[in-house]
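Enquirer: sequence first, then the predicted structure, then my questions.
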Amino acid sequence: MSILRISDLSLRIGPVDILRDVNLSMNHGEIVAITGESGSGKSMTALSVMGLLPRGAVAEGQIMLDGVDILQTPEPDLCRMRGNAMGMVFQEPMTALNPVQTIGAQVAETILIHEDVTRAAAYARAAEMLERVGLKVAPSRYPHELSGGQRQRVVIAMAIALRPKLLIADEPTTALDVTTQARILDLLQGLVREFDMGMLLITHDLAVVADVADQIVVMQKGRVVEAGPTQDLLTNMQHPYTKALFESSSHQVQLPARAETAPLLMVDQVARDYPLPRKGLLGPRPNFRALHDISFQIGHGERVGLVGESGCGKSTLTRAILGLEDVQAGQIRLDGAPVFAGKRPNLAVRRKMQVVFQDPYSSFNPRHRVERLITEPFHLLDDPPMGLARDAAITKALQDVGLSRSDADKYIHEFSGGQRQRIAIARALIIEPELIIFDEAVSALDVSVRAQVLDLIADLCRKRPLAYLFISHDLSVVRNVTDRVMVMQAGRIVEQGETEDVFANPQHPYTQTLIAAVPQLPELSHATDPV
Amino acid sequence: MIRYALGRLTSLVISLFVASIVIFGVIEVIPGDPAAFMLGVNARPDTIAALRAEMGLDQSVVTRYFDWVTGLLRGDFGQSWTYKTPVAELINDRIWVSLPLAIYALILSTLIAFPAGIYAASRRGGPGDVTIMGATQLGVAIPNFWFAMILVLIFAINLRWFSAGGFPGWSDPLQAIKSLTLPAIALALPQAAILARVMRSSLLDMLGEDFIRTARAKGLSRRQALWRHAVRNALIPVLTIIGLQFSFLLAGGIIIEQVFFLPGLGRLIFQSISARDLIVVESVVMLLVFTVIIVNFAVDLAYAAVDPRLRAKT
């Protein structure tokens, strides 16, 4: 018997159509994944089921949960159903919990508002539930004392405390490290089976979908373009969008071969300490060593990857390489010159390095035109190009990344996420640096856009020798665009080598864990026609 | 938590020390010799010199600073040059007007602002919100002495419920509170308007947070989510404003004290400045600074009580 059935669901907010004729049904103990790119309406579908639509949203159609039509249910009854008949887990565990209440209290609240039990009983059940979701910390702890994965477990405990029939998980692992992701997905799958719930899993990650879902629903621009049991759908995709989506997820780029060259960046036995708060009122400040004895080289035109989980020291290393902070031991040299000069970056060296950041939305000043944004690195030059030369540089940088001269007069809000990341790359390229640091540069992008940006990077490598350090938590991307890879754990580089060697035959146990945790897309080449 | 409190306490002591130096320094550089001022324009130079010696003005700056500070620590604020009475006594008379007035006004302002801000936030964009925001706009714009005059006109002159001014002393507490009521309302209204606006915007920020959505997904109604999860989180900026307002209310009531003929600290300091009674000015200002710093310390402790994240930090 189906537990959830969505029929002809349409949703409008003002004049904008958000969802059109969405259909979906789910049985007990089944995991249905809704996938698609940003703006496809997958989260809105989830919120419709919870009855938590934003103000001004008008929904039509039917959402039957266990015989009750959510769209016809008045708000007070919906409140009784939320947390009780249906629970929801959200994407961002860092902000999903109230910072001023203990985790035990927040889980107990779910029980207290729905059932007539004593406080003590509710807290006891909350503690049990926290244990069931594999959390090994006391319920009296506050959210800020927990890691992202632990917080997500708390959110899950909250959602399932009353054993709902339906669990909705909206990108539950997107913000988590790959090993944590694997454990959370395991937990969710186990809970679905144990409680015989239905789970609606919203995710953009097709590998996750292929891994855990019983049924897949592919959405594009508010419509379901294809749906079906996972195996059927994977082996026999019909819709071109589905094919394109899977294609770009496993997109391979062709890097040009690299000629052996002289070293460009030399990082030699670098250590970096951060002072911690004093133990006593006047005692000495202890140090936290964020980087231990880091040594590696990047040659001219060499593409090197850096992978590791959050908190492993990737960002600290980036800042040290850029000469933004001094290091406590060792040396970092670019072309033989130190990157850090006294109290600030060594400008002579700094102009040879540029960086592309993760977030294409917040790394630009919204009040400047593209022309001004991409010429920012010119201030590093002693003799920046003026007049026609400057114009030519702008045109070339924009054309190199697939944009045109006319884009120079626009503001950043006029561009999509992928275009913004192209502009970020143009900004990095404009002074023709020797080395570019891509700091999670494609992590925030949709798969199809990501594939395009990766193609662009490979394309740039073909035009001129480009050395880069590609930092990412996404191992499959790193495998794709690098010659060599370094694996970082707790401030140490635990393994480095040729990318293919490391991935095919990882030596360090940590590397093995990381690679094993990455969800795999099934081989699709035999099943799909060329698009 | 104890470490946090000790840390705040250290900064309190440092603030007090710095404040004492600044106050003493500022008074030092104000032009006008108090002795010459007290004796009038026709005074002979040797009389002025004698008075200066009597007042201790002929001693070095450092000696005078230490005498002043050690005096303060012992509770000896010195002798007023114009009133010829110990400053401590003068302050003692006035503080029992100003302190209750400030606390009274603060309580009123909080009692008005919290419900108004919470109501406006929960009815965002609705008629209730628009009305309250319009009223606070007026409250912020109109000066408190104008409120004071209107209140006197209505409640003292027309209705005769309250007296138009003066303070009968605390021998009859009910009468005392009654006589402070109109001034407290006049002081509280503009403060309440500001506080309500802060409360509303702080709450609206919180209502947009992810944990509110989580709370709603648990089955809390909009109202429950607001009360159980948003209000406490919204208190941090509100507490900051309350702390600032208390300091303002304590010393800033000068005009209101004038309108209602209240013998408060504001009037004392005003009169002392006019009369170049620097020892009184110094002491009252130091006392006010002391109060402000103590209030800030209390606000810091309140932050920590509200937000567990602060307890963990030094």
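Expert: It's in.
Enquirer: SS state for residue 216?
Expert: Using chain A. strand (DSSP: H, G, I helix; E, B strand; the rest coil).
Enquirer: actually chain B
Expert: helix.
Enquirer: tell me which element the residue lying closest to B:Met286 once chain neighbours are set aside is part of?
Expert: Once flanking residues are discounted, B:Met286 sits nearest to B:Ile23: 5.6 Å by Cβ to Cβ, 6 or more residues apart in numbering or on different chains. Backbone N, C-alpha and C define where each C-beta goes, glycine included. In this structure, B:Ile23 sits in helix B:2-29 according to DSSP states H and E.
Enquirer: give me the secondary structure label for A:Gln62.
Expert: strand.
Enquirer: beta partners of it?
Expert: Counting by DSSP bridges, A:Gln62 is bridged to A:Ser7.
Enquirer: my read: it touches A:Asp69, true?
Expert: Yes - A:Gln62 lies in contact with A:Asp69 (Cβ atoms under 8 Å); the separation is 5.6 Å.
Enquirer: run the chain-centre distance for the helix-or-strand element of chain B with minimal mean pLDDT.
Expert: For chain B, using mean pLDDT, DSSP states H and E, the weakest element among its helices and strands is helix B:34-39, scoring a mean of 71. Chain-centre distance of helix B:34-39: 32 Å, with Cα atoms, centre = their mean, to the nearest Å.
Enquirer: now do the same contact list for A:Asp400.
Expert: Residues near A:Asp400 by Cβ atoms under 8 Å, 6 or more residues apart in numbering or on different chains: A:Ala426, A:Leu429, A:Leu460, A:Lys463.
Enquirer: and the residues you listed, which of them are buried?
Expert: A:Ala426, A:Leu429, A:Leu460 (16 or more other Cβ atoms under 10 Å in any protein chain shown).
Enquirer: just give the nearest non-adjacent residue to the second one, would you?
Expert: Closest residue to A:Leu429 in three dimensions, ignoring its sequence neighbours and counting by Cβ to Cβ, 6+ apart: A:Ala397, at 5.3 Å.
Enquirer: pLDDT score for that neighbour?
Expert: pLDDT recorded at A:Ala397 is 90.
Enquirer: follow-up on the earlier one: strands - which of the contacts of A:Asp400 land there?
Expert: Of these, none are assigned to strands by DSSP state E.
Enquirer: ok, so of those residues, who is nearest chain B?
Expert: For the contacts of A:Asp400, the minimum distance to chain B (Cβ to the nearest Cβ) is 33.7 Å, reached by A:Ala426.
Enquirer: so that closest one sits right up against A:Gly402, yeah?
Expert: No - using Cβ under 8 Å, A:Ala426 makes no contact with A:Gly402, being 9.3 Å away.
Enquirer: what residues does chain B put near chain A?
Expert: B:3, B:6-7, B:10, B:209-211, B:213-221, B:224, B:228-229, B:232-233, B:306-309, B:312-314 (Cβ under 8 Å from any Cβ of the partner chain).
Enquirer: can we see that at 6 Å?
Expert: Residues of chain B lying close to chain A (Cβ under 6 Å from any Cβ of the partner chain) are B:6, B:210-211, B:214, B:216-219, B:221, B:229, B:232-233, B:307-309, B:314.
Enquirer: show the buried residues in those.
Expert: By 16+ other Cβ under 10 Å, the residues of chain B next to chain A give B:210-211, B:214, B:216-219, B:221, B:229, B:232-233, B:307-308 as buried.
Enquirer: least trustworthy helix or strand in chain A by mean pLDDT?
Expert: strand A:344-345 (a mean of 76).
Enquirer: next SSE downstream of that strand?
Expert: helix A:347-350.
Enquirer: helices or strands up against the helix or strand just after that following helix?
Expert: Downstream of helix A:347-350, the next assigned helix or strand under DSSP H and E is strand A:353-356. Contact here means 3 or more Cβ pairs under 6 Å, 6 or more residues apart in numbering or on different chains; DSSP states H and E; on that basis strand A:353-356 packs against helix A:417-429, strand A:435-439.
Enquirer: mean pLDDT lowest where, among these?
Expert: helix A:417-429 (a mean of 88).
Enquirer: can you list the residues that contact it?
Expert: Outside helix A:417-429, the residues that touch it by Cβ atoms under 6 Å, 6 or more residues apart in numbering or on different chains are A:354, A:356, A:360, A:370, A:374, A:397-398, A:400-401, A:403, A:436, A:445, A:449, A:453.
Enquirer: save these as CSV, and put in distance to A:Asn236 and secondary structure too.
Expert: Output for the contacts of helix A:417-429, formatted as CSV (distance: Cβ to Cβ, whole Å; DSSP: H, G, I helix; E, B strand; the rest coil):
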residue, distance to A:Asn236, secondary structure
A:Gln354, 45, strand
A:Val356, 39, strand
A:Pro360, 35, coil
A:Val370, 44, helix
A:Ile374, 45, helix
A:Ala397, 44, helix
A:Leu398, 42, helix
A:Asp400, 40, helix
A:Val401, 37, coil
A:Leu403, 38, coil
A:Ile436, 41, strand
A:Leu445, 28, coil
A:Val449, 26, helix
A:Val453, 30, helix
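Enquirer: so the nearest residue to A:Thr482 once chain neighbours are set aside bridges to which residues?
Expert: Nearest residue to A:Thr482 in three dimensions, chain neighbours excluded: A:Gly305, at 3.6 Å (Cβ to Cβ, 6+ apart). Beta-bridge pairing for A:Gly305 (DSSP bridges): A:Phe470, A:Val485.
Enquirer: quick one: contacts for residue 295?
Expert: With no chain named, the answer covers chain A. Per Cβ under 6 Å, 6+ apart, neighbours of A:Ser295: A:Val267, A:Asp268, A:Gln269.
Enquirer: nope, chain B
Expert: For B:Val295, the contact set (Cβ under 6 Å, 6+ apart) comprises B:Gly243, B:Phe246.
Enquirer: chain center to the helix or strand that contains it: distance?
Expert: B:Val295 is part of helix B:278-306 when elements are defined by DSSP H and E. The chain centre lies 9 Å from the centre of helix B:278-306; the measure is Cα atoms, centre = their mean.
Enquirer: name the helices or strands packed onto whatever helix or strand comes next after that helix?
Expert: Going down the chain from helix B:278-306, the next helix or strand is helix B:308-312, by DSSP H and E. Using 3+ Cβ pairs under 6 Å, 6+ apart, the elements in contact with helix B:308-312 are helix B:278-306.
Enquirer: out of the contacts of A:Ser295, which one sits closest to A:Gly313?
Expert: Of all those, A:Gly313 sits closest to A:Val267, with 12.4 Å by Cβ to Cβ.
Enquirer: possible to save the buried ones among the residues of chain B next to chain A as CSV with pLDDT?
Expert: Formatted as CSV, those follow (pLDDT from 0 to 100):
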residue, pLDDT
B:Asp210, 89
B:Phe211, 91
B:Thr214, 91
B:Arg216, 92
B:Ala217, 91
B:Lys218, 91
B:Gly219, 90
B:Ser221, 91
B:His229, 91
B:Arg232, 87
B:Asn233, 89
B:Asp307, 85
B:Pro308, 84
